[in-house]
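Colleague: have a look at this prediction, sequence included:
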Amino acid sequence: MKKRLFCPALALSSIILLFHSFLLAQQKEELVVSSVVIHTPLTAFIRGDTLRIEASVSEEIEWMRLFFHCEGLSQFQVRNMDREKNKTYVYLFDTSQLTSVELEYYLAAKFSDREIYFPADAPSEVIKVVGESREPLPEIPPDLPSPEEEDGKFKLPISTDVSLQAKLAEKEAFEGEKKITANGNIRVFYSHQGNFNVDLDSNFNYTNTAFPGYKNIDLSNMLVSISKDNHTFRAGDISLSESWYTVSGLGRRGMEYVYEDQKAYVHFFDVSSQQVKGFEGFGIPKASVSILGGAIGYKFLNDKLAVKAVYIYGKDDPNQGTNTEFSSFLESRKGKAVALMQEARLFKDKLNVNAEFSRSSYDGDLTDDQKEVSDTAFNIGGNYSKGALSLVTRYTHVGRDYNTVGYQAFTKDRNSYESSMGIVHKRLSLTLSYRTERDNVENDPLFNTTKSKNGNINLSVGLSDKVTLDFGYNIDKQKTFQDGMETAWQDSMANEFRGGLNLTLGQGGTLSFSLNNSSVSSQNYPESDMSVVTLNLSGSFRQGETLSLSPAIGYSRSNKKFAPDDSETYNAFLTGEVNIFPQVFSVFFSSSFNRMESDISGVSNIFESGGGLNFYLSRWIKKGSLTFSLRGNYRYTKTYGLSESDYSVMLQCDFSY
């Protein structure tokens, strides 16, 4: 075990120290990397454009958010960023809603045990961008009430979203189908700030199309929180994330106590191992479905060194879950695990080294005669960033018998190593990553051993503020062995080349072209060799609040090298909205066409079209928003010479408060 730990640690230390010595000689430094958050700051924009704000991270995170502020806003607004592949988060920012061309923003990323900001000193330090506008800016009302006046007004602690749909016509109705459907959510919340802070947040949902065994109206979630100074007690639907191996991303009903200041961290919890809905499961969970444990952590040396210990113990019985009936195939289980974690931040947070060691005892089936088994798991890694460069590396080992009740499903019996390098300089962004993994870590001859390798290169070059080129290459290789001999039909190699061009066409217009060429091959089973070429052209166009269009066309060709199963696919999409009277009346439409020509299945065509009218009545009601929509849909398919069509017309009402 010591040898396993020592080798990765020595390699990691050597690489980091080598790069650190080299980079200390560089004098110029650009602020584009904040520890583990990589982002190219905006430098300019045109009001009305849709900005693509993008950031990537080198570790797994719970969420990333954008905070922005401009004239007319009393405080920073927050938006959740959407996750894309390769740990990249994106938010499409519609600047037509801004009342000023001076924009301030920063990013926040939530890890399991901390939050990281970009810039690092945010919100005291933010990114400031000055844009331009080709149209007069909207005026800010002079009698706009102050934030203090708004906070002093009584606000009903309820918010609701209700949607009603009534089918007016359809070609063919299903047996038992309801002509009128209703769905809605009611959120009830309360907050009291004083000597003790008390917060209540709950959500009720309603539907008249509930599945058998479910209620039409139910409580989907509720959380009560009581806090004073650094102490917090919560009961209800809580989320647990303590470490890689014990528990992470587990949302369950139960109770927890948290003490947290700038140095110490104490956490105790007791939650249900099964998902609970409605008014059940509040209070102390039943012993047969209980996960309880705690964590203690502390920061030393001016927060440069942090340590944490985690312990969990629990039982789980899937037969007591919300969505299951009793079955002998669903085994009850129990287990316990302890983990020790360490994190060191050195050289003014440029270097971050972290590790976790965990040991578990686990019994996956309490109904058999086999006793619980024990095993270990650990990982060690780190990241280094200076100026335009960032480096990440990590080694992971999970024993064959390691498991924990903190996860509903856990991938064990594997070793992996991964590393990546990122360079961001002005309009250039380059990312290289490599990962290798194998299972059957004890080389048991009774089991197969699968080894896989993955390499990835991504390059983005901004030729100007309005033109960006993207290139990428990915390779995956996998082989499976039985007692040292390669098995038949179990090897594969996949190659993928990517290219793209992104254009900004003045105010409110974007155009994107992408080309993808991928192939899959096998030495032992060449009959499965195939290649796929895909081309896509898409755009978005906006003319103020009057018109918005989003067209897209695509082509794909699939070719099997040793089999007569080639195919070609053509597709086209168009969505749009015309605001005849902005915020009062609009016409919306969408359509799609897909044609597939195959050597085996012949030709198939699918055409769909929809549209309707929106009537916005929000300006005539004092509270909330109200919209009436008249919608129509048509679908036509033709496959194997057989054609089929369907249509429907419905009236929809949406109300929110």
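Modeller: Nice, I can see it. All figures in this text were calculated on a predicted structure; none of them were measured in a lab.
Colleague: surely residue 43 is in contact with residue 465?
Modeller: Yes - assessed by Cβ atoms under 8 Å, residue 43 is found in contact with residue 465 at 7.5 Å. For every residue, glycine as well, the C-beta is placed using N, CA and C.
Colleague: can you count the residues close to the residue nearest to residue 230 when sequence neighbours are not counted?
Modeller: Of all residues beyond its chain neighbours, the one nearest residue 230 is residue 261 (4.7 Å), with distances taken as Cβ to Cβ, 6 or more residues apart in numbering. Residue 261 has 11 neighbouring residues, counting by other Cβ atoms under 10 Å.
Colleague: does residue 261 touch residue 297 like I think?
Modeller: No - contact criterion Cβ under 8 Å: residue 261 and residue 297 do not qualify, at 11.1 Å.
Colleague: next helix or strand past the helix or strand in which residue 89 is found?
Modeller: Residue 89 belongs to strand 88-94 when elements are defined using DSSP states H and E. As assigned by DSSP H and E, the chain's next helix or strand after strand 88-94 is strand 102-110.
Colleague: show me which residues of that following strand are buried.
Modeller: Neighbour-count burial for strand 102-110, counted by 16 or more other Cβ atoms under 10 Å, picks out 103, 104, 105, 106, 107, 108, 109.
Colleague: just the C-alpha atoms of that strand, please, in CSV.
Modeller: Presented in CSV, the C-alpha positions along strand 102-110 are these (Å, rounded to 0.1, in the frame of the first residue of the first chain):
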residue,chain,number,x,y,z
GLU,A,102,-21.5,49.0,-18.3
LEU,A,103,-21.6,45.4,-17.0
GLU,A,104,-19.9,43.9,-13.9
TYR,A,105,-19.8,40.2,-13.3
TYR,A,106,-18.1,37.3,-11.6
LEU,A,107,-18.4,33.5,-11.4
ALA,A,108,-18.8,31.1,-8.5
ALA,A,109,-18.2,27.4,-8.4
LYS,A,110,-19.5,25.1,-5.6
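Colleague: by contact count, what packs against it?
Modeller: strand 37-39, strand 50-57, strand 63-69, strand 115-118, strand 127-130 (3 or more Cβ pairs under 8 Å, 6 or more residues apart in numbering; DSSP states H and E).
Colleague: neighbours of the residue nearest to residue 47 when sequence neighbours are not counted, how many?
Modeller: Setting aside the residues directly before and after it, residue 47 is nearest to residue 133 in space (Cβ to Cβ, 6+ apart), at 4.0 Å. When neighbours are counted by other Cβ under 10 Å, residue 133 registers 16.
Colleague: quick one, what contacts residue 133?
Modeller: 46, 47, 48, 101 (Cβ atoms under 8 Å, 6 or more residues apart in numbering).
Colleague: just those residues now: which is nearest residue 475?
Modeller: Lowest distance from residue 475 to these (Cβ to Cβ) belongs to residue 46, with 39.4 Å.
Colleague: was I right about the closest one contacting residue 103?
Modeller: No - applying Cβ under 8 Å as the test, residue 46 and residue 103 come out as separate, 11.8 Å apart.
Colleague: mind listing the shared neighbours of those two?
Modeller: Common contacts of residue 46 and residue 103 (Cβ under 8 Å, 6+ apart): 95, 131.
Colleague: against residue 286, how distant is the residue nearest to residue 230?
Modeller: Computed as Cβ to Cβ, to the nearest Å, the residue 261 to residue 286 distance reads 34 Å.
Colleague: which residues touch the strand holding residue 89?
Modeller: Contact partners of strand 88-94, identified using Cβ under 8 Å, 6+ apart, comprise 50-57, 64, 66, 68, 79-84.
Colleague: can you do 6 Å?
Modeller: Here strand 88-94 makes contact (Cβ atoms under 6 Å, 6 or more residues apart in numbering) with 50-51, 53-56, 64, 66, 79, 81-84.
Colleague: equivalent analysis for stretch 270-286, please.
Modeller: Stretch 270-286 is contacted from outside by 218-219, 252-255, 289, 291-292, 314, 316, 320-322, using Cβ under 6 Å, 6+ apart.
Colleague: same deal with stretch 174-194?
Modeller: The contact list for stretch 174-194 (Cβ under 6 Å, 6+ apart) reads 157-167, 198-209.
Colleague: among those residues, the buried ones, what's the ChimeraX command?
Modeller: Burial among the contacts of stretch 174-194 is assessed by 16+ other Cβ under 10 Å; the matching ChimeraX selection reads:
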select :161,162,163,164,165,199,200,201,202,203,204,205,206,207
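Colleague: the closest residue to residue 542 other than its chain neighbours and residue 107: what is the separation?
Modeller: Leaving aside its chain neighbours, residue 542 sits nearest to residue 508 (3.5 Å; criterion: Cβ to Cβ, 6+ apart). Distance of residue 508 to residue 107, computed by Cβ to Cβ: 25 Å.
Colleague: repeat that for residue 434.
Modeller: Between residue 434 and residue 107 the computed distance is 27 Å (Cβ to Cβ).
Colleague: same question, residue 257
Modeller: Between residue 257 and residue 107 the computed distance is 31 Å (Cβ to Cβ).
Colleague: who's residue 542 bridged to?
Modeller: Taking DSSP bridges, one finds residue 548 as the beta-bridge partners of residue 542.
Colleague: mind jotting down where the helices sit in the protein?
Modeller: 2-23, 147-152 (DSSP state H).
Colleague: would you single out the least confident of those?
Modeller: Of all the helices of the chain, mean pLDDT reaches its minimum on helix 2-23 (a mean of 39).
Colleague: from the buried residues of strand 102-110, which single one is nearest residue 233?
Modeller: Proximity of the buried residues of strand 102-110 to residue 233, judged by Cβ to Cβ, is greatest for residue 108, which lies at 25.3 Å.
Colleague: where does pLDDT dip in the chain?
Modeller: Within the chain, the ranges that satisfy pLDDT under 70 run 1-36, 72, 85-86, 112-113, 134-155, 321-330, 507.
Colleague: so which residue is dead centre in it?
Modeller: The chain has residue 83 as the residue nearest its centroid, 4.0 Å off, counting by Cα atoms, centre = their mean.
Colleague: and the closest residue to that residue other than its chain neighbours, how many neighbours?
Modeller: The shortest distance from residue 83 to any non-neighbouring residue, by Cβ to Cβ, 6+ apart, is to residue 89 (5.5 Å). Applying the criterion other Cβ under 10 Å, we find 23 residues in the vicinity of residue 89.
Colleague: what do you get for residue 191?
Modeller: Other residues within reach of residue 191, judged by other Cβ under 10 Å, total 11.
Colleague: and residue 501, by the same measure?
Modeller: When neighbours are defined as other Cβ under 10 Å, residue 501 has 15 of them.
Colleague: again with residue 633
Modeller: So residue 633, with other Cβ under 10 Å, has 16 neighbours.
Colleague: for the stretch 551-657 of the chain, what spans make up the strands?
Modeller: Secondary structure of the stretch 551-657 of the chain (DSSP state E, counting those that start in this stretch): strands located at 567-581, 585-598, 602-616, 625-639, 642-656.
Colleague: sorry, back to before: I'd like to know which of the contacts of strand 88-94 are buried.
Modeller: Buried, going by 16+ other Cβ under 10 Å: 50, 51, 53, 54, 55, 56, 64, 66, 81, out of the contacts of strand 88-94.
Colleague: residue 39 is in contact with the fifth one, correct?
Modeller: The reference is to residue 55. Yes - using Cβ atoms under 6 Å, residue 55 is in contact with residue 39, at 4.0 Å.
Colleague: hmm, back to that, a markdown table for the strands of the stretch 551-657 of the chain, including distance to residue 412?
Modeller: Shown next, in a markdown table, are the strands of the stretch 551-657 of the chain (distance: least, Cβ to Cβ, whole Å):
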| stretch | distance to residue 412 |
| --- | --- |
| strand 567-581 | 39 |
| strand 585-598 | 41 |
| strand 602-616 | 43 |
| strand 625-639 | 44 |
| strand 642-656 | 45 |
